[in-house]
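**Q** Give me a model of this one.
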Amino acid sequence: MRTEQITAKALELVGHDRYRLSLMVSQRAEQLANGAEPLVKADKTKDKFVDIALLEIAEGKVRLESVEEE
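**A** Numbers count the residues shown, from 1 in each chain. All right, here's what the predicted structure looks like:
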């Protein structure tokens with residue numbers, strides 16, 4: 001799946017709120033950088049943390065509440 005498609009799907013899940021999506025992606029990417037395990041099939045050594053976070057959100061594996069808790 002292309003990045004544009006993943007982003008569009010993630011935007012749908014957050015009510016087309018770009019600010020909320022950027023907040024979620026940045027916080028989840030930081031968690032991944034600090035050692036959190038990806039919730040999707042991804043290679044942390046090859047894929048960017050931002051791309052992994054965006055894919056997790058698009059697949060509904062991460063919600064804003066769960067990002068804020070950690």
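**Q** Phi, psi for residue 43 please.
**A** Main-chain dihedrals, residue 43, degrees, to the nearest 10: phi -110, psi 110.
**Q** next one: residue 20
**A** Torsion angles, degrees, to the nearest 10, at residue 20: phi -60, psi -40.
**Q** Just give the closest residue to it, not the sequence neighbours.
**A** Excluding its sequence neighbours, the residue lying closest to residue 20 (Cβ to Cβ, 6 or more residues apart in numbering) is residue 14, at 4.8 Å. Glycine gets a C-beta too; all of them are placed from N, C-alpha and C.
**Q** Show me what the helix or strand hosting residue 19 is packed against.
**A** Per DSSP states H and E, residue 19 falls inside helix 18-33. The contact analysis (3 or more Cβ pairs under 8 Å, 6 or more residues apart in numbering; DSSP states H and E) places helix 18-33 against helix 3-13, helix 49-58, helix 64-69.
**Q** Among those helices, which comes closest to residue 27?
**A** helix 64-69 (4.5 Å; Cβ to Cβ).
**Q** Quick check: which ranges of this structure have low pLDDT?
**A** 66-70 (pLDDT under 70).
**Q** From the centre of it, point out the most distant residue.
**A** residue 45 (16.5 Å; Cα atoms, centre = their mean).
**Q** and residue 60, how far is that from residue 46?
**A** According to Cβ to Cβ, to the nearest Å, residue 60 stands 23 Å off from residue 46.
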